[in-house]
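1. I would like to see how this sequence folds:
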Amino acid sequence: MRRLAIAVLLAIACHSVALAENGAAQQFGTPAQRREAISACGSDARLYCRRLKEADGPIAYLACLEANRSHLSTRCVALLEQYGR
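-> Numbering: from 1, shown residues only. You can find the predicted model right below:
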C-alpha cells in the first residue's frame, strides 16, 4: 500500500525530478509534496489503480488516475490540476 502511494506521488511530482550529484539517483518532490500527494490521491490510486504493480512505473499510475479522473476525489483532482495534469 505504501509503495502504491509512493508511485502515485512520483507520477504527480515528476516535474520536480532532481538528479543527485552522481547522476544516478533521483529524488521526486519535496517531503511536503510527497505527503500532500499521498494524502490527496493515495486512496484513489488504491481504489482505481489496484491492478497496477510498482514495476509498471509512476507514469502508469498517473495515466490510470487521469483515465479515472471523473471518479477521483476533489482533493486528488485539485492536486493533478496544480501540477498541470
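2. toward the C-terminus from the helix or strand harbouring Leu47, list the very next helix or strand.
-> Secondary-structure element containing Leu47, defined by DSSP states H and E: helix 31-48. Scanning forward in sequence from helix 31-48 by DSSP H and E, the next helix or strand is helix 58-67.
3. now the helix holding Leu47 and helix 58-67, what's the angle there?
-> Counting by axes from the mean of the first three to the mean of the last three C-alpha atoms, to 10 degrees, helix 31-48 lies at 60 degrees to helix 58-67.
4. what sits closest to Ser39 if chain neighbours are left out?
-> When the adjacent residues along the chain are set aside, Ser39 lies closest to Arg75, with 7.5 Å between them (C-beta to C-beta, 6 or more residues apart in numbering). All C-beta atoms are positioned from the backbone trio N, CA, C, and that covers glycine.
5. hang on, isn't the one you found packed against Gly42?
-> No: taking contact to mean C-beta atoms under 8 Å, the distance of 10.3 Å between Arg75 and Gly42 leaves them out of contact.
6. so those two - more neighbours on which side?
-> Neighbour tally, Arg75 and Gly42, criterion other C-beta atoms under 10 Å: the higher count belongs to Gly42, 18 against 14.
7. spit out the contact partners of Leu80.
-> When the contact criterion is C-beta atoms under 8 Å, 6 or more residues apart in numbering, the partners of Leu80 are 12, 41, 65-66, 69, 72.
8. related to what we said a few turns ago, now do the helix or strand containing the residue nearest to Ser39 against helix 58-67, angle only.
-> Assigning secondary structure by DSSP H and E places Arg75 in helix 74-82. Angular relation of helix 74-82 and helix 58-67 on a 0 to 180 degree scale: 120 degrees, by the same axes, to 10 degrees.
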